[in-house]
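*Asks:* next come a sequence and a model predicted from it.
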Amino acid sequence: MAAADKLTGLKKAAILLICLGEETATKLMRELTDEEIFKVTRCMASIEHIPDEIKMRVLEEFEMSAESQAGLVVKGQEFAKKLIAGSGSKNRETNLMRQFVSGTEARPLETISKLHPAMVAELLEREHPQTLALVLSTQTTEHAGAIVAHLPEEKRADVIHRIATLDKVSPSVIDRIEEALSKEIGIVVGAQELRQVGGLKKVVEILDSMTDNLDSDILDSLEQVDPDMVENIRKMMFTFEDLCALDGRSIQMILREVNNDSLTLALKTASDEIKAKIFANMSSRAADMIKDDLDAMGPVRLSEVEAMQQTIVKIAMKLEEEGKLVLGGKGGSDEFV
């Protein structure tokens, strides 16, 4: 172990908690945030022996008195897990333990998150599309999108379709995939808990992160396989708040299709930005009326507000299909003549 003057603050905190013992350390841990607990317990897990001079120096630095004693021999993994077990509610304990286990073991899926997207695409290119979909669903949105962009064009839509249809995956399936991946990237496979992967939300996030209009190309290909899914994806990719990205002419065109009562209901939970955008594209008299109605409006069901917002979004999408306007997004900066 490094000399005391070379130890990081995190290392000193981990040593101090170990020296204080489980009971006292557990009480202190309850005052920490989840992120702080995660960091300090990971650090504890790497400690097997604390030299006496290090122990004394750390205690002195924290202005605590301690009797001189031989260095401590500890089992860092066990000590850290016991502290987590006493960190509070059962849900908090479960979440922290999951982070601790995944953070102290080298996992194939974690290693993939650190590899260059092109390298991952090459590594997984020959895998079954379902395996590809599962692996990508465990990655961050940006990383998954970059990996998809490096896949062969003919595979992209299929993989996106499979991600959208993924739900919960059993530990055994994760284990088999990680075992296969470990042979390719040469790391140890660890245990994996049941987790939620994939789904339309994951697909929307991946597509939103993509550049060079690849999202449109993928959706066009996917539409030939599952048009209903593409419609749902498009709905999720454009929301009521996204109306802010439209120009005044497009906003006015949409407003002509919506009566004032419906618009007032939709604006009940809207941001100041979208309200300002809409009020700027109607007569001052109509805007004042809606503002007065909003002030006078009592409590309404959130589901009713969201349903009306979605109705207005559908009007916008219908106008786009008719070629009367272009919805905001990556294509918003395209030049039209």
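*Replies:* Noted; the coordinates are in hand. Numbers count the residues shown, from 1 in each chain.

*Asks:* and residue 21, how far from residue 11?
*Replies:* 18 Å (C-beta to C-beta, to the nearest Å). Backbone N, C-alpha and C define where each C-beta goes, glycine included.

*Asks:* same check, this time on residue 203
*Replies:* Distance, residue 203 to residue 11, using C-beta to C-beta: 42 Å.

*Asks:* quick one: the helices in the stretch 151-300 of the chain?
*Replies:* For the stretch 151-300 of the chain, the helices defined by DSSP state H, counting those that start in this stretch cover 153-165, 171-185, 200-208, 214-223, 227-237, 248-255, 260-266, 272-279, 284-296.

*Asks:* nearest to residue 27, out of those helices?
*Replies:* helix 171-185 (33.9 Å; C-beta to C-beta).

*Asks:* what mean pLDDT does the closest one have?
*Replies:* Confidence over helix 171-185 (mean pLDDT, whole number) is 68.

*Asks:* walk me through the domains of this protein.
*Replies:* Following the assignment in automatic domain parsing, the chain carries domains at 4-104, 108-219, 239-326.

*Asks:* quick one, which of those domains gets closest to residue 232.
*Replies:* Of the domains of the chain, the one closest to residue 232 (C-beta to C-beta) turns out to be domain 108-219, at 6.0 Å.

*Asks:* quick one: buried residues of stretch 270-285?
*Replies:* For stretch 270-285, a neighbour-count test (16 or more other C-beta atoms under 10 Å) marks 270, 274-275, 277-279, 281-282 as buried.

*Asks:* kindly present these as TSV, with separate columns for distance to residue 308 and pLDDT.
*Replies:* Output for these, formatted as TSV (distance: C-beta to C-beta, whole Å; pLDDT from 0 to 100):
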residue	distance to residue 308	pLDDT
270	11	91
274	13	92
275	14	93
277	17	93
278	13	94
279	17	95
281	18	94
282	17	93
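
*Asks:* confidence-wise, which of the helices of the stretch 151-300 of the chain is weakest overall?
*Replies:* helix 171-185 (a mean of 68).

*Asks:* closest to residue 310 among the buried residues of stretch 270-285?
*Replies:* Nearest to residue 310 among these, with distances taken as C-beta to C-beta, is residue 270, at 13.0 Å.

*Asks:* give me the nearest residue to residue 302, chain neighbours excluded.
*Replies:* If the residues on either side of it in the chain are set aside, residue 302 comes closest to residue 269, at 7.0 Å by C-beta to C-beta, 6 or more residues apart in numbering.

*Asks:* quick one: that neighbour from residue 259, how far?
*Replies:* Taking C-beta to C-beta as the measure, residue 269 falls 19 Å from residue 259.

*Asks:* kindly report the same for residue 302.
*Replies:* Residue 302 is 21 Å from residue 259, where distance means C-beta to C-beta.

*Asks:* show me how far stretch 51-63 is from its chain's centre.
*Replies:* Centroid separation between stretch 51-63 and its chain, computed with C-alpha atoms, centre = their mean, to the nearest Å, is 40 Å.

*Asks:* I'd assumed residue 268 was in contact with residue 297.
*Replies:* Yes: look at residue 297 against residue 268 with C-beta atoms under 8 Å: they come within range, at 6.5 Å.

*Asks:* who has more neighbours, the two?
*Replies:* A side-by-side neighbour count of residue 297 and residue 268, using other C-beta atoms under 10 Å, places residue 268 first with 18 against 12.

*Asks:* list the contacts for the more buried one?
*Replies:* Counting by C-beta atoms under 8 Å, 6 or more residues apart in numbering, residue 268 touches 294, 297, 300, 305.

*Asks:* name the helices or strands packed onto the lengthiest helix in the chain?
*Replies:* Assignment by DSSP state H gives helix 302-321 as the longest helix of the chain. Counting contacts by 3 or more C-beta pairs under 8 Å, 6 or more residues apart in numbering; DSSP states H and E, helix 302-321 packs against helix 227-237, helix 248-255, helix 260-266.

*Asks:* what does the first one contact?
*Replies:* When contacts are defined by C-beta under 8 Å, 6+ apart, helix 227-237 is touched by residues 161, 164, 200-201, 203-204, 207-208, 219, 222-223, 310, 313, 317, 329.

*Asks:* low-confidence ranges, this structure, go.
*Replies:* Where the chain drops to pLDDT under 70, the residues are 1-6, 34-35, 62-108, 172, 180, 182-198, 208, 211-213, 328-337.

*Asks:* residue 126 and residue 298, how far apart?
*Replies:* In this view, residue 126 and residue 298 are 61 Å apart by C-beta to C-beta.

*Asks:* of those two, which one has the most company?
*Replies:* Higher neighbour count among residue 126 and residue 298: residue 126, with 8 against 4, using other C-beta under 10 Å.

*Asks:* what about residue 269 and residue 259, which has more around it?
*Replies:* Just comparing residue 269 and residue 259: by other C-beta under 10 Å the higher neighbour count belongs to residue 269, 12 against 8.
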